[in-house]
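In: what shape does this take:
(one chain, ligands or ions: 2)
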Amino acid sequence: MAGQGSMSVPVITVDGPSGSGKGTISHAVAKALGFHFLDSGALYRILAYAAQQKGIALDDEPALAELAGKLDIHFPAEGENDVVLLDGVNVGNNIRTEAAGAGASRVAALPAVREALLQRQRDFRQSPGLVADGRDMGTVVFPDAAVKFFLTASAEERARRRFNQLKEKGKESPYEEILADIQARDERDSSRAVAPLKPAQDAIQIDTTSLDIPTTITRVLDAIKNRLNP
Ligand SMILES: Nc1ncnc2c1ncn2[C@@H]1O[C@H](COP(=O)(O)OP(=O)(O)OP(=O)(O)O)[C@@H](O)[C@H]1O
Ligand SMILES: Nc1ccn([C@H]2C[C@H](O)[C@@H](COP(=O)(O)O)O2)c(=O)n1
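Out: Numbering: from 1, shown residues only. Ligands and ions are numbered 1, 2, ... in the order given. Presented below is the predicted three-dimensional model:
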């Protein structure tokens with residue numbers, strides 16, 4: 001298959017809905033394995049943010065696809081959520097809001113946008129390996145991944161996690177509002193025509209609703225060990 005980076009470099013994919021813990025777990029797993037890390041959601045978030053800055057409507061598919069192809073994005077500290085450079089400026093804080101997530105979900109539903117970001121994501125496949133977090137990592141971007149995970153958790157638990165996350169940052173928001181946002185995003189991400197949120201056929205599914213972070217990391221690392229060295 002052309003254009004998927006070096007096919008001999010192993011990829012671990014971690015997909016799932018918002019707040020299921022993909023970012024937290026992928027980052028820790030990448031660190032434990034000494035692999036690179038791709039936060040694919042950040043690309044969609046930056047695109048939505050950049051479009052808003054430029055006055056491009058979030059349903060203007062041709063303009064968004066053109067912009068996606070031109071974005072100058074750097075993740076200087078790999079896996080660090082806080083620093084993401086757009087045209088050399090740190091937009092980390094601007095793209096981590098619930099509004100930016102909703103904007104990302106809208107632009108991500110447009111086929112030309114997904115196509116424009118495909119190769120950029122595959123270019124992250126670098127030695128010694130990659131952990132890729134998103135919605136379609138195992139189904140579309142890296143269908144040949146060595147091990148695929150699909151993390152889930154109830155919408156109520158994910159809203160609780162987000163509520164606590166925002167509270168820690170001093171940006172409290174009503175729980176009911178967060179829950180409604182999460183449910184709306186789940187619906188949009190799962191029902192779109194192109195690359196919808198769904199588990200790959202060969203994904204290992206883990207429900208994290210009642211798991212803590214260390215337990216989830218251990219389960220993922222054990223599954224990787226078992227798959228790679230049976
Ligand atoms: N078992 C768990 N696994 C992972 N994260 C958990 C777990 N329990 C609680 N959390 C917390 O859930 C919150 C959401 O996690 P994270 O941001 O990694 O989710 P996500 O799936 O990447 O969300 P998004 O797609 O919106 O970026 C974090 O504050 C994290 O600490
Ligand atoms: N591979 C991906 C990653 C993200 N998206 C869209 C859908 C999400 O709602 C939005 C933000 O992602 P997050 O940062 O919350 O992981 O971006 C997608 O469609 N495909």
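
In: next, work out how far apart the residue nearest to Asp82 when sequence neighbours are not counted and Glu168 are.
Out: Of all residues not flanking Asp82 in the chain, Gly92 sits nearest, at 4.5 Å (CB to CB, 6 or more residues apart in numbering). Quick note: C-beta positions are derived from backbone N, CA and C, even for glycine. Counting by CB to CB, to the nearest Å, the gap between Gly92 and Glu168 amounts to 16 Å.

In: more neighbours: which of those two?
Out: In this view Gly92 and Glu168 are compared by other CB atoms under 10 Å, and Gly92 has more residues nearby, 18 against 9.

In: I'd say that one and Val84 touch.
Out: Yes. Counting by CB atoms under 8 Å, Gly92 touches Val84, with 4.8 Å between them.

In: which non-adjacent residue is nearest the closest residue to ligand 1 within the chain?
Out: Nearest to ligand 1, among the residues of the chain, is Gly21, at 2.3 Å (CB to the nearest ligand atom). Excluding its sequence neighbours, the residue lying closest to Gly21 (CB to CB, 6+ apart) is Thr208, at 5.1 Å.

In: does that neighbour really touch Pro17, like I thought?
Out: No. Judged on CB under 8 Å, Thr208 makes no contact with Pro17 at a distance of 10.9 Å.

In: can you tell me the closest non-neighbouring residue to the residue nearest the centre of the chain?
Out: When CA atoms, centre = their mean is applied to the chain, the residue found nearest the centroid is Gly134 (2.9 Å). Excluding the flanking residues, the one nearest Gly134 by CB to CB, 6+ apart is Ser40, at 3.5 Å.

In: could I get the contacting residues of the one you found?
Out: Contact analysis of Ser40 by CB atoms under 8 Å, 6 or more residues apart in numbering lists 117, 121, 132-135, 137, 141.

In: can you select the buried ones from the residues you listed in ChimeraX?
Out: Command for ChimeraX that selects the buried part of the contacts of Ser40, burial taken from 16 or more other CB atoms under 10 Å:
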select :117,121,132,133,134,135,137,141
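
In: okay if I get the contacts of Ser40 as a markdown table plus pLDDT, secondary structure and distance to ligand 1?
Out: Shown next, in a markdown table, are the contacts of Ser40 (pLDDT from 0 to 100; DSSP: H, G, I helix; E, B strand; the rest coil; distance: CB to the nearest ligand atom, whole Å):
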| residue | pLDDT | secondary structure | distance to ligand 1 |
| --- | --- | --- | --- |
| Leu117 | 97 | helix | 16 |
| Gln121 | 96 | helix | 15 |
| Ala132 | 97 | strand | 12 |
| Asp133 | 97 | strand | 6 |
| Gly134 | 97 | strand | 8 |
| Arg135 | 96 | coil | 8 |
| Met137 | 98 | helix | 12 |
| Val141 | 97 | helix | 15 |
